[in-house]
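In: Generate coordinates for the sequence data below:
(one chain, ligands or ions: 1)
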Amino acid sequence: MYCVQAVTSDILWLGASDRRLGLFENVYPIPRGVAYNSYLVKDEKTILLDTVDHAAGDRFFENLTFALDGRNLDYVVVNHMEPDHCATLVDTLTHYPNAKVVGNAKVITMIGQFFEVDLTDRTITVKEGDTLCTGKHTFTFLMAPMVHWPETMCTYEQTEKVLFSADAFGTFGALSGNLFADEMDFEHDWLPDARRYYTNIVGKYGPQVQSMLKKVADLEIAYLCPLHGPVWRKDIAWFVEKYQRWSTYTPEDRAVMIACGSIYGQTENAADILAARLAEKGVQKIALYDVSQTDVSEIVSEAFRCSHLVFASSTYNAGIFTPMEHVLQDLKAHNLQNRTVALIENGSWAPASGKQMTAILSEMKNMTLLEPMVSLKSSVKGTQRQALLDLADQIAADVLA
Ligand code: FEO
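Out: Residues are numbered from 1 along each chain as shown. Model (predicted):
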């Protein structure tokens, strides 16, 4: 049965939440689920902005049928061709044979890559700044390549001042009745997942996100309608400022994240000693994660949040402990930069993880390595305990400066 919600009197949300999917993109754990958003604007012509994942397909088609209330569907705008939004595109076009697809040239090409479908005379190819009028609403198309795929674009509706922002400003998390971010405690309940979504999905493409932000800075936005998570109609500038920080690799907090890779607990002991000394020196809200227990996507997200990072790793097969190596390679892949970093290594035969962690960090931009690294052989001894305290003092002085 349909479950449609109004964004405005003319704009309807037709999406649905998936609370069963374990891994978004078969990679990222989503214990809070995810919402796939689709929007219908009813005017002299009807225009659908994006479709949904297969998992939400049944509900979406019930919603679309109800929302159209017997009318034809005239246009389907495809802002993004990733299957979490486009899996039901061709079924939509089959249900509504008079509907035309509106997308840029890359979108139209990708439709042909994903589907075997004849769209002769059914496509409208748009470029930067092109407009489409449906009666009292006028839609302008703004290219947003790499936010998150090369074909991605945003669509701005001038009359009601709505930005349909594709993946930008989305978040993990199923919706729970409240459609608008101002109906939730977004900062407390949603921001960690919004950060994890951004950093892991789009974090690599900071310069491209900056280009998109420059375009939307000139727009008056009353409603921000992303493809995942809640719709924004208040405090939009607050969320845009988060995107400014994340896309420029600017830490949100002067804070310390310690990522620890420990096989039998001795490296973890070193991390705990360091963390306790940081607290003694006045550092607050220290975050310490075991890389074998905390998903790498959480650690990537926290590394984007914090100004200071500590990596404490056992040596494994003469290299970095495998989960820690995954963390560091993922941070490098996501283009993390501009952080102050300290290292702790451990090894019973010959500690080697520090040198190799340094090598990965040296390939990342503007990472300031605090010296000296603390090197352990099997467990923390007296002199090494002092070295950990000294390192903590150095970190604390920098964080609190
Ligand atoms: Fe939500 Fe890049 O797809």
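In: Quick one: name the residues of the stretch 1-150 of the chain near the ligand.
Out: Proximity of the stretch 1-150 of the chain to the ligand, by CB under 6 Å from any ligand atom, involves residues 80, 82, 84, 85, 148. C-beta here means a position set from N, CA and C on the backbone, and glycine is covered the same way.
In: mind redoing it with 5 Å?
Out: Proximity of the stretch 1-150 of the chain to the ligand (CB under 5 Å from any ligand atom) is limited to residues 82, 84, 148.
In: out of these, which are inside helices?
Out: Taking DSSP state H, the ones among those that sit in helices are residue 84.
In: and the least confident of the residues of the stretch 1-150 of the chain next to the ligand?
Out: For these, the weakest pLDDT value sits at residue 148, with 92.
In: Count the neighbours of it for me.
Out: When neighbours are counted by other CB atoms under 10 Å, residue 148 registers 22.
In: Am I right that it is in contact with residue 205?
Out: Yes: assessed by CB atoms under 8 Å, residue 148 is found in contact with residue 205 at 7.3 Å.
In: which helix of the protein spans the most residues?
Out: The chain, longest helix under DSSP H: helix 382-400.
In: Which positions in that one come out as buried?
Out: By neighbour count on 16 or more other CB atoms under 10 Å, the buried set for helix 382-400 is 384, 385, 387, 388, 389, 391, 392, 394, 395, 396, 398, 399.
In: Serialize those residues to JSON lines and add fields for distance to residue 277 and pLDDT.
Out: Formatted as JSON lines, these follow (distance: CB to CB, whole Å; pLDDT from 0 to 100):
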{"residue": "384", "distance to residue 277": "13", "pLDDT": "96"}
{"residue": "385", "distance to residue 277": "10", "pLDDT": "97"}
{"residue": "387", "distance to residue 277": "11", "pLDDT": "98"}
{"residue": "388", "distance to residue 277": "7", "pLDDT": "98"}
{"residue": "389", "distance to residue 277": "5", "pLDDT": "98"}
{"residue": "391", "distance to residue 277": "8", "pLDDT": "98"}
{"residue": "392", "distance to residue 277": "4", "pLDDT": "98"}
{"residue": "394", "distance to residue 277": "10", "pLDDT": "98"}
{"residue": "395", "distance to residue 277": "9", "pLDDT": "98"}
{"residue": "396", "distance to residue 277": "8", "pLDDT": "98"}
{"residue": "398", "distance to residue 277": "14", "pLDDT": "97"}
{"residue": "399", "distance to residue 277": "12", "pLDDT": "98"}
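In: Which residue, other than its chain neighbours, is closest to residue 363?
Out: Once flanking residues are discounted, residue 363 sits nearest to residue 332: 6.0 Å by CB to CB, 6 or more residues apart in numbering.
In: after the helix or strand harbouring the one you found comes which helix or strand?
Out: Using DSSP states H and E, residue 332 sits in helix 322-333. Toward the C-terminus, helix 322-333 is succeeded by strand 339-346 as the next helix or strand (DSSP H and E).
In: How about residue 119, nearest residue that isn't a chain neighbour?
Out: residue 101 (6.2 Å).
In: re the thing from before, of the residues of the stretch 1-150 of the chain next to the ligand, just say which sits nearest to residue 373.
Out: residue 148 (36.0 Å; CB to CB).
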